[in-house]
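K.L.:
sequence-free structure coming up:
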Ligand SMILES: Nc1nc2c(ncn2[C@@H]2O[C@H](COP(=O)(O)OP(=O)(O)OP(=O)(O)O)[C@@H](O)[C@H]2O)c(=O)[nH]1
Ligand SMILES: [Mg+2]
């Protein structure tokens with residue numbers, strides 16, 4: 001009977017195939033994130049129009065070595081229109097950044113403050129103390145404070161600010177995650193710690209954005225040509241995973257390639273960074289606006 005199947009596949013159906021399933025698609029022809037109306041100049045114009053009342057503050061946090069300091073440098077570079085590398089980045093055992101540092105943007109980013117912090121680690125008692133993040137949110141920690149992994153800031157410390165003003169607080173939190181090692185290197189304990197921190201941020205009603213760095217290391221096509229970032233299926237899948245892992249909408253997850261060894265800026269790297277900046281800065285300004293409304297309508301003393 002088997003020979004009949006070969007002659008009449010329509011009746012007997014196709015014989016089962018032993019071929020392996022096709023590999024997942026590497027790249028799409030049209031970008032999976034629509035950039036139709038988002039050109040460099042429209043994003044820049046939108047950023048220029050933002051109201052910078054009370055120097056909006058952006059806290060950059062996330063796991064150790066994810067590219068937090070590099071992301072700050074990338075943003076400051078795009079804002080200034082030239083390469084700057086003020087935030088120290090590099091590799092170390094544990095976090096390379098040990099102190100709380102505040103950087104003021106220039107030109108496009110004038111009045112915005114970017115704050116760098118020690119990395120979050122999966123092990124208990126290692127990396128930034130999660131409670132310090134809650135103090136940072138409320139503006140209680142002053143610049144140059146050296147984080148203590150064993151305990152949160154002491155209220156007696158000269159770096160503790162007792163009466164933070166609105167301009168000392170955080171108005172948007174940026175979580176930086178390494179796109180390549182996101183799933184492999186984040187243990188459940190690490191995810192739980194990050195989720196606890198994210199919950200504190202939610203409680204404080206501060207907006208969150210996720211940045212996926214190192215997309216060049218995640219996908220060869222992106223490494224070959226940074227323009228492929230929104231066509232790469234690997235990058236798209238990383239966005240989906242981050243959205244699920246950290247319970248945040250996909251539209252708040254931004255893949256980028258940080259400026260590292262480059263000495264000049266390129267449009268291909270600028271566009272994803274600018275897209276992210278558009279949302280981060282917009283969120284921060286909205287938060288300041290809301291805080292103003294609250295202080296106008298209700299308790300003035302809360303916001304100083
Ligand atoms: N290829 C590539 N390397 C990156 C990217 N972003 C950061 N790096 C590299 O990753 C390493 C760590 O970057 P940092 O910016 O210091 O990371 P961090 O999150 O500030 O690290 P800690 O301060 O130690 O918590 C450095 O060697 C960077 O050059 C990226 O988008 N692509
Ligand atoms: Mg750092």
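P.N.:
Arrived safely, thanks for sending. All of these numbers come straight from a predicted model, not from anything done at the bench. Ligands and ions are numbered 1, 2, ... in the order given.
K.L.:
Spell out which parts of this structure neighbour ligand 1.
P.N.:
If contacts are counted using Cβ under 6 Å from any ligand atom, the residues of the chain sitting beside ligand 1 are 64-70, 89-92, 95-97, 119, 213-214, 216-217, 257-258, 260. For the C-beta atoms, the positions are set from N, CA and C on the backbone; glycine is no exception.
K.L.:
Report the buried members of these.
P.N.:
Buried members of the residues of the chain next to ligand 1, counted by 16 or more other Cβ atoms under 10 Å: 64-70, 89, 95-97, 119, 213-214, 216, 257-258.
K.L.:
thinking again about what came up before, out of the residues of the chain next to ligand 1, name the ones that lie in helices.
P.N.:
Secondary structure defined by DSSP state H assigns 68-70, 216-217 of the residues of the chain next to ligand 1 to helices.
K.L.:
Leaving out sequence neighbours, find the closest residue to the one residue sitting closest to the centre of the chain.
P.N.:
With the centre of the chain defined as its mean C-alpha position, the nearest residue by Cα atoms, centre = their mean is residue 211, 2.5 Å away. In space, not counting the residues next to it along the chain, residue 211 is nearest to residue 176; the distance is 4.8 Å by Cβ to Cβ, 6 or more residues apart in numbering.
K.L.:
hang on, residue 115 in a strand?
P.N.:
Yes: counting by DSSP: H, G, I helix; E, B strand; the rest coil, residue 115 falls inside a strand.
K.L.:
Can you tell me how far residue 233 is from residue 45?
P.N.:
Computed with Cβ to Cβ, to the nearest Å, the distance linking residue 233 and residue 45 is 31 Å.
K.L.:
who has more neighbours, those two?
P.N.:
Of the pair residue 233 and residue 45, residue 233 is the one with more neighbours under other Cβ atoms under 10 Å, namely 15 against 10.
K.L.:
Distance of the closest residue to the more buried one other than its chain neighbours relative to residue 32?
P.N.:
Taking Cβ to Cβ, 6+ apart as the measure, residue 233 lies nearest to residue 25, with 5.0 Å between them; neighbours along the chain are not counted. Separation of residue 25 from residue 32 (Cβ to Cβ) stands at 11 Å.
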